[in-house]
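Colleague: Predicted model and sequence below, questions to follow.
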Amino acid sequence: MATSAVRGARRPEISLPELRPFEGQGLEPGGDYDGVRFEGLDLSGTDGSGATFLDVGVYRCALDEARLGRLRVIDSVLEGVWGVGTRLAGAELRDVELRDARLGGVQLHGARLNRVLVRGGKIDFLNLRQAKLTDVTFEGCVLNEPDFSGASLERVAFRDCALRRAEFNQVRLKDVDLRGATELELATGVDRLAGAVISPGQLMDLAPAFAAQIGVRVEP
């Protein structure tokens, strides 16, 4: 029986205008930032809750414990950012590239990601619980213990990407391409992979988990 091919994730198309340097002391809750360049700044602990970034570039900035809940990021690039405990719950990212980030404990639960490219870098303990991801590509990056529990993923691809100890509990998948993952390790949710495509090699790697899920004992 013929099977339909997985639909590929659409990538963001970003063409930033000439950006003016940011001259403030920090972000403001509900602030509007249009055509601004943040570069080499320490934004740790800043409160930009509910702010909007439109046509913005964020380069080599520290985001430790930054409070950015409900942040809207549109047609923007974040490159070389780092930090622990960045709070982005309920954020909206649309047509965004995140390049070479070094982040830990990022809180993106309940967020909406649409046409987002995560390229390079390493993200530990990424919290995407109850988030909605559409047309998202993870490429050439390392995701340590990401939590997708209860999230909805549609047209999401993992390419040359290490996915380690991922939580897929109650996740909903549609046209999710895992074949390009260089490492695919699920802590939970092997029974939730309907809607995903994996490679024959990955099937062999996951076979013990599949067997355990349906109560099959494998013995020599």
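Modeller: Looks like it arrived, so ask away.
Colleague: Next, the contact list for the most centrally placed residue in the chain, please.
Modeller: Centroid-nearest residue in the chain, with Cα atoms, centre = their mean: residue 118, separated by 6.4 Å. Residue 118 makes contacts with 98, 101, 136-139, 141, as judged by Cβ atoms under 8 Å, 6 or more residues apart in numbering. No exception for glycine: its C-beta is placed from N, CA and C like everyone else's.
Colleague: Quick check: phi and psi at residue 133.
Modeller: phi -110, psi 120 (degrees, to the nearest 10).
Colleague: Same question for residue 205.
Modeller: Dihedral angles (degrees, to the nearest 10) for residue 205: phi -60, psi -40.
Colleague: The nearest residue to it once chain neighbours are set aside: which element?
Modeller: The spatially closest residue to residue 205, leaving aside those adjacent along the chain, is residue 184, at 6.7 Å (Cβ to Cβ, 6 or more residues apart in numbering). Mapping residue 184 onto the secondary structure by DSSP states H and E places it in strand 172-188.
Colleague: Show me which residues of that strand are buried.
Modeller: Across strand 172-188, burial judged by 16 or more other Cβ atoms under 10 Å covers 172-173, 175-181, 184, 186, 188.
Colleague: swap in stretch 47-56?
Modeller: Within stretch 47-56, the residues scored as buried using 16+ other Cβ under 10 Å are 47-53, 55-56.
Colleague: Need the residues that contact it.
Modeller: By Cβ under 8 Å, 6+ apart, the residues outside stretch 47-56 that reach it are 16-17, 19, 26-38, 66-77.
Colleague: Show me how far it is from its chain's centre.
Modeller: 18 Å (Cα atoms, centre = their mean, to the nearest Å).
Colleague: gap between the two ends of it?
Modeller: 17 Å (Cα to Cα, to the nearest Å).
Colleague: Quick one: mean pLDDT over that stretch.
Modeller: When pLDDT is averaged over stretch 47-56, the result is 98.
Colleague: Spatially, which two of the buried residues of stretch 47-56 are the most separated?
Modeller: Within the buried residues of stretch 47-56, two members stand farthest from each other by Cβ to Cβ: 47 and 55, at 22.2 Å.
Colleague: For residue 63, which non-adjacent residue is spatially closest?
Modeller: Closest residue to residue 63 apart from its sequence neighbours, by Cβ to Cβ, 6+ apart: residue 83 at 3.5 Å.
Colleague: tell me which residues of stretch 76-84 are tucked away?
Modeller: Neighbour-count burial for stretch 76-84 flags 76-84 (criterion: 16+ other Cβ under 10 Å).
Colleague: Okay, now the unreliable bits of this protein?
Modeller: Screening the chain residue by residue with the criterion pLDDT under 70, one finds the ranges 1-4.
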